[in-house]
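Novice: sequence and predicted structure are below.
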Amino acid sequence: MSLAMQCRFVRDTFSINVDVSAASGCVLGITGENGSGKTTTLDMIAGLLPCTSGSIIIDGSTVDDSEKAAFVQPEQRDVATVFQGGGLLPHVSVGRNLTFGRGRALRATPRFDEIVGAFDLHQLLRRKPSELSGGQRQRASLARAFLSPSRVLLLDEPTTFLDPDSRDVIRRLMKEWFEVYEGTVVLVSHDPAEIEELADIALRVAVTRGATIEADLVLG
Amino acid sequence: MTRRLSNPRGLAVFGLPAAGLVIVPVVAVVWRTPWSNFWSSISGGAARNALALSLRTSLIATVLALVFGTPLAWMLANSRSRGRAVVRSLLVLPMVLPPVVGGVALLFAFGRRGLVGGVLYDWFGIRLAFTETATVMAEFFVAAPFFIVVMEAAFEQVDRRVLGAARTFGAGPWRAFLTVTIPLVRPSLIAGLVLTWARALGEFGATITFAGNTPGRTQTVPLAVYGALESGDDSALALSMLMVVVSVVVLVALRGRWIGALRRGGE
């Protein structure tokens, strides 16, 4: 499993060039200041934004290519996401969030029990996300991502806005699960220490400002 | 000495008459309603026909707003095109347009010699103006914009991250719309429907202009109230009282929710 993207995204006065490739089992860390295009990069991989030009290849299959006019929808990319704030569905329980899109039968599997146990979610399965603390929400969001059979795992600021104790818990969980994860991880964080601790390859979005914002994703 | 922060003195002199002008008429309707023969007044032939017609047409107009307004509101909320502002302005126009003018506009669009109505009549023999269908159309014209505005604001509030997560975890566009977007906008949806229905139920100007005032066919409750008042009929007050009750129920049901929704929609 691998990820290769060589693409550019332009909207209004903002543009970002991304030239990145990572093998399976690799944790790619991306840092950069706010508004530099870190989230945009994740959105392009997830299929929430088509790249303006260039291509994205996941695991040998082209998911986005401006020249071949190819674009695979997010639900068919085998990508799991942990968005900033968790991205949990606010109107259903944690349990339904974990099985969302994959049927309730998933609940009866050993894999479900294993992950719910590892992320300490047994007591929270019936609760709504709004009844959870920030750390609990992030645990649920991570668990949902690891439950999903994916080729690429995208994490957007998974520990931002957490208190120090919750942050340590989330980092420990990420570290453990990154080791057994077979796909490619892309971890976005504004915290260089987090990237240092968790990532195999660190990249930084370099931004040049003029009349337009030009950003380049380069090896940090 | 009163221990509180002082307010601009004398402001109430201007504030109280405003409250009085709004509240006193409602009190007057309650006071003058002929309670002893209330039921017979509203269950008599003309009044009952008007009630049935109003109920039927306003509900149909509301359902049409739901079925056709929801997709339109979604398109407005998700469009990035420049025409969006223009389309939105045209769509909310009926909210500020005098309803009579709306009726005139409908007549020139769907009347027998209207823009579309002419084609419908000449080619298919379909006549819309001065029918029950026209009543529904007039009510839709005036009321549906409320629903569209409320729903557009609601769709804009839906968290893109949550929808994005739903998509990446396997939901196709329709599934995400039905199982994520719609449940998230449900409070606004209900508020919008109630508001639209109330507006449709009270429609007068566009209806009388485009659908006419034929008892039993196009005479809705507001038209019947006006007619009964002119002929000195007791049912004017009884029907008015009924509308006051319906309005109060609507307000209680909404609990001020639509005001927030409209404010968000107004940007």
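Specialist: Arrived safely. Just so it is clear, the model here is predicted, and its values are computed rather than measured.
Novice: use CA for all of it now, contacts and neighbours both
Specialist: OK.
Novice: how about the residues of the stretch 101-250 of chain B near chain A?
Specialist: For the stretch 101-250 of chain B, the residues in contact with chain A (CA under 8 Å from any CA of the partner chain) are B:161-162, B:164-172, B:180, B:183-184.
Novice: do a quick rundown of the helices in chain A.
Specialist: A:38-46, A:94-99, A:110-118, A:134-147, A:164-180, A:192-198 (DSSP state H).
Novice: next, format the ones you listed as a markdown table and append distance to chain B.
Specialist: Output for the helices of chain A, formatted as a markdown table (distance: least, CA to the nearest CA, whole Å):
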| stretch | distance to chain B |
| --- | --- |
| helix A:38-46 | 7 |
| helix A:94-99 | 9 |
| helix A:110-118 | 16 |
| helix A:134-147 | 8 |
| helix A:164-180 | 19 |
| helix A:192-198 | 23 |
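Novice: could you list the low-pLDDT ranges of chain A?
Specialist: A:1, A:210-213, A:219-220 (pLDDT under 70).
Novice: kindly report the residues of it close to chain B.
Specialist: With the criterion set to CA under 8 Å from any CA, chain A comes near chain B through A:46, A:48, A:74-84, A:87-89, A:91, A:100-102, A:148.
Novice: what residue lies at the spatial centre of chain A?
Specialist: residue A:154 (1.6 Å; CA atoms, centre = their mean).
Novice: returning to that earlier point: for the helices of chain A, give me CSV that also has distance to residue A:32 and mean neighbour count.
Specialist: Formatted as CSV, the helices of chain A follow (distance: least, CA to CA, whole Å; neighbours: other CA atoms under 10 Å in any protein chain shown):
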stretch, distance to residue A:32, mean neighbour count
helix A:38-46, 7, 23
helix A:94-99, 30, 23
helix A:110-118, 31, 15
helix A:134-147, 22, 24
helix A:164-180, 19, 15
helix A:192-198, 9, 15
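Novice: want to throw those into CSV with distance to residue B:101?
Specialist: Putting the helices of chain A into CSV (distance: least, CA to CA, whole Å) gives the following:
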stretch, distance to residue B:101
helix A:38-46, 48
helix A:94-99, 51
helix A:110-118, 62
helix A:134-147, 54
helix A:164-180, 62
helix A:192-198, 64
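Novice: do you know which of those helices lies nearest residue B:216?
Specialist: helix A:94-99 (52.0 Å; CA to CA).
Novice: chain center to the closest one: distance?
Specialist: 18 Å (CA atoms, centre = their mean, to the nearest Å).
Novice: send the alpha carbons of it over as CSV?
Specialist: Output of helix A:94-99 as CSV, limited to C-alpha atoms (Å, rounded to 0.1, in the frame of the first residue of the first chain):
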residue,chain,number,x,y,z
VAL,A,94,-20.9,6.7,19.5
GLY,A,95,-21.8,3.1,18.7
ARG,A,96,-23.6,4.1,15.5
ASN,A,97,-20.7,6.4,14.6
LEU,A,98,-18.3,3.5,14.9
THR,A,99,-20.3,1.3,12.6
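Novice: what is that helix packed up against?
Specialist: Here helix A:94-99 touches helix A:134-147, going by 3 or more CA pairs under 8 Å, 6 or more residues apart in numbering or on different chains; DSSP states H and E.
Novice: returning to what we had before: buried among the residues of the stretch 101-250 of chain B next to chain A? Make that a ChimeraX selection.
Specialist: Entered in ChimeraX, the line below selects the buried ones among those, by 16 or more other CA atoms under 10 Å in any protein chain shown:
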select /B:161,162,164,165,166,167,168,169,170,171,172,180,184
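Novice: in the stretch 1-150 of chain B, which residue sits nearest chain A?
Specialist: Here the stretch 1-150 of chain B gets closest to chain A at one residue, residue B:80, 11.8 Å apart by CA to the nearest CA.
Novice: Three-state assignment for that residue, please.
Specialist: Here residue B:80 is recorded as coil under DSSP: H, G, I helix; E, B strand; the rest coil.
Novice: against residue A:11, how distant is it?
Specialist: 12 Å (CA to CA, to the nearest Å).
Novice: now do residue B:90
Specialist: Taken as CA to CA, the span from residue B:90 to residue A:11 is 28 Å.
Novice: which other residues reach stretch B:163-175?
Specialist: A:46, A:48, A:74-83, A:87-89, A:100-102, A:148, B:176, B:180-181 (CA atoms under 8 Å, 6 or more residues apart in numbering or on different chains).
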